[in-house]
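Participant: I'd like to go over a predicted model; first the sequence, then the structure.
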Amino acid sequence: MKTAIDTHPSSNERVSVTLNTLVYLAKAASALNLRHDQIRSGQSGGYLSRFKGRGMEFDETRLYQPGDDIRSIDWRVTARTGKAHTKIYREERERPVFISVDYRQTMSFATRGVFKSVQAAKLAALLAWAAQQHGDRIGGQIFTDEACLELKPQNGKHAVLRLFKALVKPYFAFEAAMTLELVLARLVQHARPGSLVYLISDFRGLAGNNAERHLAKLSRHCEVVMIHVYDPLESHLPSKGRYRFTDERRDVVIDSGDKQRILGYQQRFRQRTDYLRQLNRKPGLTVLHCSTADDPLEVFR
């Protein structure tokens, strides 16, 4: 039986996320499998890499080659064939999982479901729990329009809770105007080679700068999964009427009868999704989509 996440939260839970909500996702995350065939990290751990060496998992026996460790000689096969054979093991390697979450102003928006920022936090929580349950190390990055916070990958539940606390109550020291280009440049510095990197954002401002260059650099050494969070209204504006939007400080009224304005808005969203589709075809990059009204668990199935 599938485990679904409540997509009808209370009014407060639609605009802000609580620690209880994120902790509650542990059970749902047990259904996720983040394992991949190729692990590039150099740490020892619970994954089998393509590299052959002195790990715990037996791989094969082959003819002895100069330089092989004499302690690895398979004496039974050697005695049976009359030729020296060596046992080969696959190395076990651990994978750091680095989860980057967009908390910019554009993420504080939704017309259905929950705010994009809340959906991003829930996606991050599912990934963090799944990584913890697989024995991975969990690190993170949370960024706003003015600051960016990185959390070094660590093991165990305390690493998960550390990320959750930062998502629920982020503490930032003001740095400078933060763009996706700068965020990705920092991500390249913090995500170690071999990491599985999740980038959760609406990706506004991604195209037209050096962001793609940083993404390409990151994907050469890490597996990168981009999760595009959007509101259904962004893709399909209503055909007629006047609609009021507010952030509790300012009001904006959108007249959907203004065809020129509506077409321009839809064109920008289409350009962004087309750009993400192009990125999805590049090596090492995967793009997923999640609306604010979706069950976040379904994104990974």
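Facilitator: Received it, and whenever you're ready, just let me know what you need.
Participant: From here on, just use CA atoms for contacts and neighbour counts.
Facilitator: Noted.
Participant: ranges for the helices of the chain?
Facilitator: Taking DSSP state H to define them, one finds helices in the chain at 11-15, 19-24, 26-29, 75-81, 116-133, 157-168, 180-190, 211-221, 232-235, 259-280.
Participant: Of the ones you listed, flag the one that's most buried.
Facilitator: helix 116-133 (a mean of 26; mean count of other Cα atoms under 10 Å).
Participant: Give the other helices and strands that that helix contacts.
Facilitator: The contact analysis (3 or more Cα pairs under 8 Å, 6 or more residues apart in numbering; DSSP states H and E) places helix 116-133 against helix 11-15, helix 19-24, helix 26-29, strand 96-102, strand 137-143, helix 157-168, strand 196-201, strand 223-230.
Participant: just the angle between it and strand 196-201, please?
Facilitator: 170 degrees (axes from the mean of the first three to the mean of the last three Cα atoms, to 10 degrees).
Participant: Please report the distance of E150 from R268.
Facilitator: 30 Å (Cα to Cα, to the nearest Å).
Participant: H236: what's it in contact with?
Facilitator: H236 sits next to Q266 when contact means Cα atoms under 8 Å, 6 or more residues apart in numbering.
Participant: Which pLDDT value goes with it?
Facilitator: H236 is assigned a predicted lDDT (pLDDT) of 76.
Participant: Repeat that for the one 4 residues further on.
Facilitator: Predicted confidence (pLDDT) at K240: the value is 72.
Participant: tell me the contacts of the spatially closest residue to V114 that is not a sequence neighbour?
Facilitator: Once flanking residues are discounted, V114 sits nearest to R14: 4.2 Å by Cα to Cα, 6 or more residues apart in numbering. Under the criterion of Cα under 8 Å, 6+ apart, the neighbours of R14 are 113-115, 118.
Participant: Which of those scores worst on pLDDT?
Facilitator: Lowest pLDDT of the contacts of R14: G113, 91.
Participant: Do you know the pLDDT at the residue lying closest to it once chain neighbours are set aside?
Facilitator: Distances taken as Cα to Cα, 6+ apart put A293 closest to G113, at 4.1 Å, once the chain neighbours are dropped. For A293, the pLDDT comes out at 94.
Participant: and what of N20?
Facilitator: pLDDT at N20 comes out at 94.
Participant: show me the contacts for the residue nearest the centre of the chain.
Facilitator: What sits nearest the mean C-alpha location of the chain, by Cα atoms, centre = their mean, is Y198, with 1.7 Å. Neighbour list for Y198: 97-100, 224-227 [criterion: Cα under 8 Å, 6+ apart].
Participant: C222 now?
Facilitator: Counted by Cα under 8 Å, 6+ apart, C222 has contacts 40, 191-197, 284.
Participant: Let's have these in CSV, adding neighbour count and pLDDT.
Facilitator: Listed next are the contacts of C222 as CSV, based on neighbours: other Cα atoms under 10 Å; pLDDT from 0 to 100:
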residue, neighbour count, pLDDT
R40, 21, 44
A191, 24, 92
R192, 22, 87
P193, 20, 87
G194, 22, 87
S195, 27, 91
L196, 27, 93
V197, 24, 95
G284, 17, 87
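Participant: Closest one of the residues you listed to I254?
Facilitator: Proximity of the contacts of C222 to I254 (Cα to Cα) peaks at V197, which lies at 37.0 Å.
Participant: now the helices of the chain in CSV, with distance to M107?
Facilitator: Listed next are these as CSV, based on distance: least, Cα to Cα, whole Å:
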stretch, distance to M107
helix 11-15, 10
helix 19-24, 18
helix 26-29, 23
helix 75-81, 62
helix 116-133, 5
helix 157-168, 13
helix 180-190, 13
helix 211-221, 19
helix 232-235, 12
helix 259-280, 15
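Participant: Out of the ones you listed, flag the one nearest Q141.
Facilitator: The closest of the helices of the chain to Q141 is helix 180-190. By Cα to Cα, the value is 7.8 Å.
Participant: okay, now G241: neighbour count?
Facilitator: 10 (other Cα atoms under 10 Å).
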